[in-house]
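Colleague: Generate a structure from the sequence data that follows.
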Amino acid sequence: MSIDRTRFGEVDGKPVERYCMSNSRGTSAAVLTLGANLHSVRARGRAGFDEITLAWDDVAGYLAPGGPYFGAIAGRVANRIAGGEFTLDGTRYRLACNHGGVHLHGGEVGFDRRIWQAAAHEGDGEDRVALHYVSPDGEEGYPGTLTAEVTYRLTDDDELLIDLAATTDAPTVVNLTNHTYWNLAGAGSGSIEDHELQLHCSQVLERDADALPTGAIVPVRGTPFDFTGPHRIGERIEAAGGYDHCLVVDGEPGTLRTFARVRCPATGRVMEVATTQPGMQLYSAEFLTRTAGAGGRIFNRRGGLCLETQHFPDSVHHAHFPSTVLLPGATYRHRTVHRFRTTA
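Modeller: Next up is the predicted model:
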């Protein structure tokens, strides 16, 4: 195992560093201190190794307004908050509406645009990069000083673990996620519609025209969101209006459950995903427009698949959803594990 540290660029005179972990099998995973970003994963397929995440080559791509959040840690609250406001302990807090009339992924300058502090640790059979960021009271309108931590681990068993944690000095809300776009045929190779997807998710959150949950949690059976058996992603994508929906992960929240299996028939690459979170936002890159990304690769609509493990969106307005409130003395914890292999 080894970690290579390089300079990626700078933001407001502060350096942005890139840490690349490599294991004995040739698999690698790189992270940036900008946004605690998962910048690269290279994994083996039948024809060899390829980049399987969508990314930018430079800092400017990550700071462009309205960006796609390639690989970022989204927060303080990922996904959507209706009206850009919430009430906690009788006090109303107002947030930026940076996506129409909705607060999205932490606001105008969310965690994805912050410089995190990093420390790398090489080990026997496992490398890790630990990053932390202190979000001051009032940042983007949120109460309380929040200390957030994310640790990326790459093992010799081709597992990539993402551990998130947060503490606060005052009551606040928190819902972090990693926003990586995956393409197991290779980044820039085209649409993910031919990927095969199976999910242990038997319920989905009903949503309105603004992609906000109505509060209803409904069965997926008989709908385009039923991946309880394997289906091509493109098989019913038009009937779904594209995928940008939160599904309920089967099993007990807080326990690690394998909930997803993605397979690319063309390359033989398989990715299995496990999480401790109650939900997962399934996103088929519906808002991605043609752009030149890292390595000159061209990324188009539906050129990547996001499996964003998280609490449910807009939980602050739905008392029956698992709570996103974090109190002093408690610790927010969140683990997601990606396992990579190749089939014949």
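Colleague: list the buried ones in stretch 305-314?
Modeller: Across stretch 305-314, burial judged by 16 or more other C-beta atoms under 10 Å covers 305-314. For the C-beta atoms, the positions are set from N, CA and C on the backbone; glycine is no exception.
Colleague: what about the helices in this protein?
Modeller: Counting by DSSP state H, the chain has helices at residues 59-63, 237-240.
Colleague: can you list the ones you listed in CSV and add mean neighbour count and mean pLDDT?
Modeller: Formatted as CSV, these follow (neighbours: other C-beta atoms under 10 Å; pLDDT from 0 to 100):
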stretch, mean neighbour count, mean pLDDT
helix 59-63, 16, 96
helix 237-240, 14, 98
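Colleague: Trp116 is in contact with Tyr133, isn't it?
Modeller: Yes - contact between Trp116 and Tyr133 holds when scored by C-beta atoms under 8 Å: they sit 4.5 Å apart.
Colleague: In terms of neighbours, single out the busier of the two.
Modeller: Trp116 (23 against 20; other C-beta atoms under 10 Å).
Colleague: Quick one: residues contacting the more buried one.
Modeller: For Trp116, the contact set (C-beta atoms under 8 Å, 6 or more residues apart in numbering) comprises 33-36, 131-133, 150.
Colleague: which among those residues gets closest to Gly107?
Modeller: In terms of C-beta to C-beta, no member of the contacts of Trp116 lies closer to Gly107 than Gly35, at 13.6 Å.
Colleague: And the pLDDT at the closest one?
Modeller: At Gly35, the model reports a pLDDT of 98.
Colleague: Show me the strands in the stretch 151-300 of the chain, by range?
Modeller: With strands called from DSSP state E, counting those that start in this stretch, the stretch 151-300 of the chain shows them at 159-168, 172-173, 177-178, 196-199, 203-207, 213-219, 231-232, 244-248, 257-263, 269-275, 279-283, 291-292, 298-299.
Colleague: follow-up on the earlier one: show me the common contact partners of Trp116 and Tyr133, please.
Modeller: Taking C-beta under 8 Å, 6+ apart as the criterion, Trp116 and Tyr133 both touch Ala36.
Colleague: What is the neighbour count of His103?
Modeller: 27.
Colleague: Quick check: it touching Gly84?
Modeller: Yes - with contact defined as C-beta under 8 Å, His103 and Gly84 form a contacting pair (4.0 Å).
Colleague: any common contacting residues for these two?
Modeller: With C-beta under 8 Å, 6+ apart as the test, His103 and Gly84 both reach 95-97.
Colleague: Considering the residues you listed, which possesses the most neighbours?
Modeller: Neighbour counts for the shared contacts of His103 and Gly84 peak at Leu95, which has 21 neighbours (criterion: other C-beta under 10 Å).
Colleague: does it really touch Tyr142, like I thought?
Modeller: Yes - counting by C-beta under 8 Å, Tyr142 is a contact partner of Leu95 at 7.3 Å.
Colleague: From Ala148, how far off is Glu139?
Modeller: According to C-beta to C-beta, to the nearest Å, Glu139 stands 11 Å off from Ala148.
Colleague: out of these two, which sits in the busier spot?
Modeller: Per other C-beta under 10 Å, whichever of Glu139 and Ala148 has more neighbours is Ala148, with 24 against 19.
Colleague: So for the more buried one, what's the pLDDT?
Modeller: With respect to pLDDT, Ala148 scores 98.
Colleague: Could you do Met1 as well?
Modeller: Residue-level pLDDT assigned to Met1 equals 69.
Colleague: Can you tell me the closest non-neighbouring residue to Thr343?
Modeller: Gly268 (4.7 Å; C-beta to C-beta, 6 or more residues apart in numbering).
Colleague: where are the low-confidence patches of this structure?
Modeller: 1 (pLDDT under 70).
Colleague: Let me know the distance separating the spatially most distant residue from the centre of it from Ser22.
Modeller: Seen from the C-alpha centroid of the chain, the residue lying at the greatest distance (C-alpha atoms, centre = their mean) is Gly90, 31.1 Å away. Separation of Gly90 from Ser22 (C-beta to C-beta) stands at 51 Å.
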